[in-house]
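K.L.:
Curious how this folds, go ahead:
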Amino acid sequence: MDDDIFEGFGAALDYLNNVHNLNLISFGTRYWITLPVEVAGAFLSWLDRLTLRRLKLWNIEEIPGTTLLRVLTASPWVQLDSINLAVDALGITKARPGRELETLDLIRCGDLGHILLHPEHPYLVASLRTLYVVLNSNGTAGTDFHRLCVAAAETLEHITIRYEISRRTPSVSLPTWLPKLQHFAVTFGIHYDAPNGVDISAPFIRSLVDVVLRPSRAPVLTTLSFHSIIVTRGADQLDLEYVFEDAGCLELIDELVDQHPTMKPVDWLVSTQFAAVSESGQDAHFAAFERAIRSTFPKASAKGMLNIRQEKPNP
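P.N.:
Next comes the predicted model:
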């Protein structure tokens with residue numbers, strides 16, 4: 001890397017004092033360790049001086065643990081996308097920074113638990129209210145999702161879990177006590193590649209809703225949301241049928257929603273991302289999907305407790 005491009009970098013940062021939203025995106029070389037030491041130091045010193053509302057890091061490999069610690073305490077909302085720690089992520093400080101992390105997005109990251117869950121800085125997630133996690137292709141969150149939720153259980157109000165289009169069953173679980181949780185959302189992908197039908201069940205959802213929909217475990221929950229992303233490369237079909245291999249999973253949700261004392265209507269968004277399928281074909285997919293969902297949510301449907309919406313791709 002040519003160090004000349006960094007000449008005057010620190011001095012230039014001194015002129016940027018009114019930054020509230022910051023995206024740090026790596027293209028080409030993605031390794032933090034390739035940055036000259038003085039450049040990394042100037043950036044972190046500048047970061048400490050800012051009053052950020054939101055900070056995003058994307059596509060960075062081998063970020064030192066001490067650097068990640070400073071990032072996590074630089075803004076109340078931190079989004080980490082495709083971030084991995086350096087193998088020797090040591091050098092942990094005991095000093096408590098001044099900024100409280102309230103919203104954390106972990107998007108296809110490696111295991112960041114060495115920093116997030118380190119016993120020397122429990123303050124990192126002590127004020128966490130919103131957790132958004134996009135699982136990796138192996139069905140995990142990278143960081144131990146259960147331990148992260150346990151550490152933040154007393155303050156968490158919103159949890160969203162998303163897993164990409166994959167047939168691998170995700171491996172995540174929730175603690176059995178979430179006293180502040182108000183909103184729980186799951187986004188998951190569906191492949192439609194069978195001749196006449198497709199299994200759209202998500203068995204892992206059973207263990208999650210068995211926690212959040214029980215008042216003894218999540219006493220103030222009010223909203224439950226699902227977002228299904230349907231992908232198909234097939235041609236138009238009008239005789240579609242969506243089926244559930246394990247209908248008991250959604251029947252359990254229907255029963256728990258029906259009995260829940262504080263629940264608002266369940267919101268289910270259906271996104272269609274189709275290739276070579278006309279608009280009428282997309283509508284046919286949505287209609288078949290809606291029939292399948294409503295047939296497994298008879299109680300919620302009868303009480304008007306199930307809203308199903310279609311989201312089409314932009315033209």
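K.L.:
Quick one: end-to-end distance for stretch 212-219.
P.N.:
Using Cα to Cα, to the nearest Å, one end of stretch 212-219 lies 8 Å from the other.
K.L.:
mind listing what's buried in it?
P.N.:
Val212, Leu213, Arg217, Ala218 (16 or more other Cβ atoms under 10 Å). C-beta here means a position set from N, CA and C on the backbone, and glycine is covered the same way.
K.L.:
For the first one, give me phi and psi.
P.N.:
Pointing back at Val212 there. Backbone torsions of Val212, given as degrees, to the nearest 10, read phi -70, psi -20.
K.L.:
what's it in contact with, if anything?
P.N.:
Ile159, Leu174, Leu178, Leu181, Phe184, Ala218, Leu221, Leu224 (Cβ atoms under 8 Å, 6 or more residues apart in numbering).
K.L.:
Serialize the residues you listed to a markdown table and add fields for pLDDT, distance to Ile190 and secondary structure.
P.N.:
Shown next, in a markdown table, are those (pLDDT from 0 to 100; distance: Cβ to Cβ, whole Å; DSSP: H, G, I helix; E, B strand; the rest coil):
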| residue | pLDDT | distance to Ile190 | secondary structure |
| --- | --- | --- | --- |
| Ile159 | 97 | 21 | strand |
| Leu174 | 93 | 22 | coil |
| Leu178 | 96 | 27 | coil |
| Leu181 | 97 | 26 | coil |
| Phe184 | 96 | 20 | strand |
| Ala218 | 95 | 26 | coil |
| Leu221 | 96 | 25 | coil |
| Leu224 | 95 | 18 | strand |
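K.L.:
where exactly do the strands run in the stretch 101-250 of the chain?
P.N.:
Taking DSSP state E, counting those that start in this stretch as the test, the strands found in the stretch 101-250 of the chain are 103-107, 130-134, 158-163, 183-191, 197-199, 223-232, 241-243.
K.L.:
Turn those into TSV, including distance to Met263.
P.N.:
Output for the strands of the stretch 101-250 of the chain, formatted as TSV (distance: least, Cβ to Cβ, whole Å):
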stretch	distance to Met263
strand 103-107	24
strand 130-134	20
strand 158-163	15
strand 183-191	11
strand 197-199	27
strand 223-232	7
strand 241-243	24
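K.L.:
what's the farthest-apart pair in the buried residues of stretch 212-219?
P.N.:
Comparing every pair within the buried residues of stretch 212-219 by Cβ to Cβ identifies Leu213 and Arg217 as the most remote, at 8.4 Å.
K.L.:
Averaged over its residues, which helix or strand of this structure has the lowest pLDDT?
P.N.:
Lowest by mean pLDDT, DSSP states H and E among the helices and strands of the chain is strand 197-199, with a mean of 52.
K.L.:
Quick one: end-to-end distance for stretch 217-229.
P.N.:
29 Å.
K.L.:
any idea how far it is from the chain center?
P.N.:
Distance of stretch 217-229 from its chain centroid, counting by Cα atoms, centre = their mean, to the nearest Å, is 14 Å.
K.L.:
Show me which positions of it end up buried.
P.N.:
In stretch 217-229, counting by 16+ other Cβ under 10 Å, buried: Arg217, Ala218, Leu221, Leu224, Ser225, Phe226, His227, Ser228, Ile229.
K.L.:
With stretch 131-138 instead?
P.N.:
Those would be Leu131, Tyr132, Val133, Val134, Leu135, Asn136, for stretch 131-138 by 16+ other Cβ under 10 Å.
K.L.:
Serialize the residues you listed to JSON lines and add fields for pLDDT and distance to Leu148.
P.N.:
Shown next, in JSON lines, are those (pLDDT from 0 to 100; distance: Cβ to Cβ, whole Å):
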{"residue": "Leu131", "pLDDT": "98", "distance to Leu148": "7"}
{"residue": "Tyr132", "pLDDT": "98", "distance to Leu148": "12"}
{"residue": "Val133", "pLDDT": "96", "distance to Leu148": "8"}
{"residue": "Val134", "pLDDT": "94", "distance to Leu148": "14"}
{"residue": "Leu135", "pLDDT": "91", "distance to Leu148": "13"}
{"residue": "Asn136", "pLDDT": "89", "distance to Leu148": "15"}
